[in-house]
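>>> Pasting a predicted model and its sequence here:
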2 protein chains.
Amino acid sequence: MPPDITAKQAGSDKDLILANVALLYYGEGLNQSDIAKRMDVSRATIVNMLRDCRDRGIVEIRVNGDMLSSSSLSRDLCAKFGLEDVYIARSRSPGKGKADRKETLEQVGRVAGMALINIVSAGDTVGVAWGETIKAMCTAVPRQPVEDVTVCQMIGSMVSDRVPASEDCTIRIANRLDAQCYTLHAPASLSSSTLAAQLRSEPMIASQLGRLQDLNLAVFSIGNTDHSTHIVSAGIASSAELDQAVCSGAKGIVCCRFIDAEGQHINLPSDERTVAITVAELAAAKKKMLVVAGEDRAEAVLAAIKGGLVTHLCVDEALAAAIVA
Amino acid sequence: MPPDITAKQAGSDKDLILANVALLYYGEGLNQSDIAKRMDVSRATIVNMLRDCRDRGIVEIRVNGDMLSSSSLSRDLCAKFGLEDVYIARSRSPGKGKADRKETLEQVGRVAGMALINIVSAGDTVGVAWGETIKAMCTAVPRQPVEDVTVCQMIGSMVSDRVPASEDCTIRIANRLDAQCYTLHAPASLSSSTLAAQLRSEPMIASQLGRLQDLNLAVFSIGNTDHSTHIVSAGIASSAELDQAVCSGAKGIVCCRFIDAEGQHINLPSDERTVAITVAELAAAKKKMLVVAGEDRAEAVLAAIKGGLVTHLCVDEALAAAIVA
DNA sequence: CATCATTATTGACAATTGTAAACCCAAAAG
DNA sequence: CTTTTGGGTTTACAATTGTCAATAATGATG
């Protein structure tokens, strides 16, 4: 046979076999041995084919996200705070075992990943924050193209040992949705407010920031003011500023900005040195998806809700319970 | 706790757990034992939960139908006959083993089921024939709602030992697509042409037949004139009429009507006694999906293609090979 | 409050599936 | 012509998953 003619299509001919095997296995429910007998190969080959099918997207396994927001607990939260949807992660039988933070975080991330594709719709401009929670989420967003979506980074970049490259979250999410991607080519926090102001008015940065004024969906997390190490070490605020913020009633940190118990922005010197979406802009987004893990953030989440910064919520079960109480 | 409040939502609370388990298993790739440990239940319970997830549609496993129409063989067929897409079923290593007809039929059915949801688009009016091939297909159509679809039965009903209730195919397909469903409340074949004519002009039947004049998609199979038993026993044509048709050059039977080698309708007395879409109406449909299994139908399929009755084709590999040759 | 019916859970076992090292074979390189 | 390399396949074994009958929990009913 002439290899030049079939060469280009050789991969596709294999795909035909793969897809047919997938249909027999997943569609018909035959077992691998029977398929192997039919196809006259060893069962191991079928195993390999099926793995290929999954790897190459010929079969796709997806979880229906709706079920994550239809429990009575989530409805209680919706009703109590006027939220549109509350997605709840439950990775461990409550009470049993130590609720490992990493474990909880990952499960909230997975739930948020599912939730995201439920919430985003065609034509949306989506703002994405970063942080360990958002990071956990973005690895779990299923690959599902959505028409005409734009994804923007809401907070400037930053190197941190706890969180990998900040743009990474934005890029990953954009990839999964087949969306246009705009990263923010600036540090989140600068050493001088003058420099930050100059940077913000640089055409390139300015246009990126401009997009954040009209978001259809903002995806972000919230930190509380207790575990100060992260905030200070990341250079978002100095230790003194943090103290000052707490004295002024700061209950949470959203996109590098402090908010009080009512969810109102607390203006601090550090705001001037920051390149990120403002609280007002965040509040202006049509849909606001807050993703948080850990009971200890209940106060911060409540503050954000009161301030009208949340329409959709993704939390673990313990945090959800803490918020209703 | 008050059971009346939570009663309505009890099912949903279980769903939350199911979805979270599904996420851990299918999303994260944890094994059942680890999940069982986390949730503090036995592994068997996790097995049951995962089965529930699949049964209740919380997880969905789908095969990408595109791969079934991207082989070199299918492209050859497209190019040679100007078809839009050719989906190929390959259930058995070619040459090896007896190509069990039942097996082939089922695989073609599965492939056609996948193909259908690829081909149907929002707003379509879909005509569905019936027969053993279409029957095999309709059980394999994945559940996937499509906006604003109407499904119509193209051939009147009939009792047959080989094929279950004729409406069944139409109804099933409509269900899987969440579509409006119109069955044809008349026998496919009547004893007198007068009665058939009267029936066709009954308002209720007439409106059903009217819908068949403007189909966006027709899904049907084709029989050859060899295996006469089926045609005669089903009362579509008498033995004498069949002989007459074959003498006139009939090469295939489509929706109870005979066509010649060029795909042209052969008018016979039996046509007058039939309640079904006409060949002309079939030809007028925008998309025409022919589903056939078995090498021996190559001639019939070729006839249908020549007559412009086919835009999309679903066949087994052996038949595909026979057609190109 | 006991009883029956129904449903969910479990442990023990059987079946299926995944893995890894060995093997084959063809094409590219020495 | 031999060696090497890389893909794909296989065999034998290990791990995971599915099943089923027994048991517990639930909850409706007399």
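Thanks, I have the structure now.
>>> From now on I want contacts and neighbour counts done on CA atoms only, so please keep to that.
Fine.
>>> ok, the residue in the stretch 201-325 of chain A positioned nearest to DNA strand D - contacts?
With distances taken as C-alpha to the nearest atom of the strand, the stretch 201-325 of chain A approaches DNA strand D most closely at residue A:317, which sits 20.3 Å away. Taking C-alpha atoms under 8 Å, 6 or more residues apart in numbering or on different chains as the contact definition, residue A:317 lies against A:88, A:89, A:90.
>>> and the nearest residue to the second one once chain neighbours are set aside, how many neighbours does it have?
Just to be clear, that refers to residue A:89. Taking C-alpha to C-alpha, 6 or more residues apart in numbering or on different chains as the measure, residue A:89 lies nearest to residue A:316, with 4.4 Å between them; neighbours along the chain are not counted. Using other C-alpha atoms under 10 Å in any protein chain shown as the criterion, residue A:316 is surrounded by 24 other residues.
>>> and what of residue A:131?
Using other C-alpha under 10 Å, residue A:131 has 21 other residues around it.
>>> Same check on residue A:29?
The burial count assigned to residue A:29 is 10, neighbours taken as other C-alpha under 10 Å.
>>> Residue B:68: which of the contacts of residue A:317 is nearest?
Lowest distance from residue B:68 to these (C-alpha to C-alpha) belongs to residue A:89, with 37.1 Å.
>>> The closest one and DNA strand D: what is the separation?
Relative to DNA strand D, residue A:89 is positioned 21 Å away (C-alpha to the nearest atom of the strand, to the nearest Å).
>>> I'd say that residue and residue A:68 touch.
Yes. Contact criterion C-alpha atoms under 8 Å: residue A:89 and residue A:68 qualify, at 7.4 Å.
>>> quick one: the residue nearest to residue A:89 and residue A:294 touch, right?
Yes. In this structure residue A:316 lies within contact range of residue A:294 using C-alpha under 8 Å: 6.8 Å.
>>> shared neighbours, those two?
Looking at what touches both residue A:316 and residue A:294 (by C-alpha under 8 Å, 6+ apart), the common residues are residue A:104.
>>> what residues are shared contacts of residue A:89 and residue A:68?
Common contacts of residue A:89 and residue A:68 (C-alpha under 8 Å, 6+ apart): A:111, B:20.
>>> Where does residue A:60 sit: helix, strand or coil?
Going by DSSP: H, G, I helix; E, B strand; the rest coil, the secondary structure assigned to residue A:60 is strand.
>>> Could you measure from the nearest residue in space to it that is not next to it in sequence over to residue A:261?
In this structure, residue A:60 finds its nearest non-sequential neighbour in residue B:62, 5.3 Å apart by C-alpha to C-alpha, 6+ apart. Taking C-alpha to C-alpha, to the nearest Å as the measure, residue B:62 falls 46 Å from residue A:261.
>>> try residue A:207
Counting by C-alpha to C-alpha, the gap from residue A:207 to residue A:261 is 32 Å.
>>> Between those two, which is the more surrounded one?
Set residue A:207 next to residue A:261 and count neighbours by other C-alpha under 10 Å: residue A:261 wins out with 19 against 13.
>>> show me the contacts for the more buried one.
A:249, A:250, A:251, A:299, A:300, A:302, A:303, A:304, A:306.
>>> burial count for residue A:181?
By the measure other C-alpha under 10 Å, the count of residues near residue A:181 is 20.
>>> Show me which residues of the stretch 1-150 of chain A sit near DNA strand C.
Taking C-alpha under 7 Å from any atom of the strand as the contact definition, the stretch 1-150 of chain A meets DNA strand C at A:31, A:32, A:33, A:44, A:47, A:48, A:50.
>>> Now with 10 Å, please.
Applying C-alpha under 10 Å from any atom of the strand, we find that the stretch 1-150 of chain A lies next to DNA strand C at A:1, A:3, A:25-26, A:29-36, A:42-51.
>>> Go through the residues you listed and flag which are in helices.
A:3, A:32-36, A:43-51 (DSSP state H).
>>> Filter those down to the buried ones.
When those are checked for burial by 16 or more other C-alpha atoms under 10 Å in any protein chain shown, the buried set is A:32, A:35, A:36, A:43, A:46, A:49, A:50, A:51.
>>> Now flag whichever of these is closest to DNA strand D.
When those are compared for distance to DNA strand D, the smallest value, 5.9 Å, is given by residue A:43; criterion: C-alpha to the nearest atom of the strand.
>>> Can you tell me, leaving aside adjacent residues, what's nearest to that closest one?
Excluding its sequence neighbours, the residue lying closest to residue A:43 (C-alpha to C-alpha, 6+ apart) is residue A:36, at 5.0 Å.
>>> For chain B, see how far away the residue in the stretch 201-325 of chain A that DNA strand C sits nearest to is.
Taking C-alpha to the nearest atom of the strand as the measure, the stretch 201-325 of chain A has residue A:317 as its residue closest to DNA strand C, at 18.0 Å. Residue A:317 sits at a distance of 10 Å from chain B (criterion: C-alpha to the nearest C-alpha, to the nearest Å).
>>> where does that residue land on pLDDT?
As summarised for this prediction, residue A:317 has a pLDDT of 92.
>>> which residue sits closest to residue A:130 in space, ignoring its chain neighbours?
If you skip the residues right next to it in sequence, residue A:130 has residue A:166 as its closest partner in space, 6.0 Å away by C-alpha to C-alpha, 6+ apart.
>>> That neighbour contacts residue A:152, correct?
No. Taking C-alpha under 8 Å as the definition, residue A:166 is not a contact partner of residue A:152, at 11.9 Å.
>>> Phi first, then psi, for the residue nearest to residue A:89.
For residue A:316, the backbone dihedrals are phi -80, psi 170 (criterion: degrees, to the nearest 10).
>>> Quick check: which ranges of the stretch 201-325 of chain A have low pLDDT?
In the predicted model of the stretch 201-325 of chain A, residues A:227-229, A:234 satisfy pLDDT under 70.
>>> All the helices of it, in order from the start?
A:203-211, A:228-233, A:239-247, A:269-272, A:279-284, A:298-306, A:317-324 (DSSP state H, counting those that start in this stretch).
>>> As JSON lines, those helices with distance to residue B:130 would be great.
Rendered in JSON lines, the data for the helices of the stretch 201-325 of chain A read as follows (distance: least, C-alpha to C-alpha, whole Å):
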{"stretch": "helix A:203-211", "distance to residue B:130": "54"}
{"stretch": "helix A:228-233", "distance to residue B:130": "66"}
{"stretch": "helix A:239-247", "distance to residue B:130": "73"}
{"stretch": "helix A:269-272", "distance to residue B:130": "69"}
{"stretch": "helix A:279-284", "distance to residue B:130": "55"}
{"stretch": "helix A:298-306", "distance to residue B:130": "56"}
{"stretch": "helix A:317-324", "distance to residue B:130": "50"}
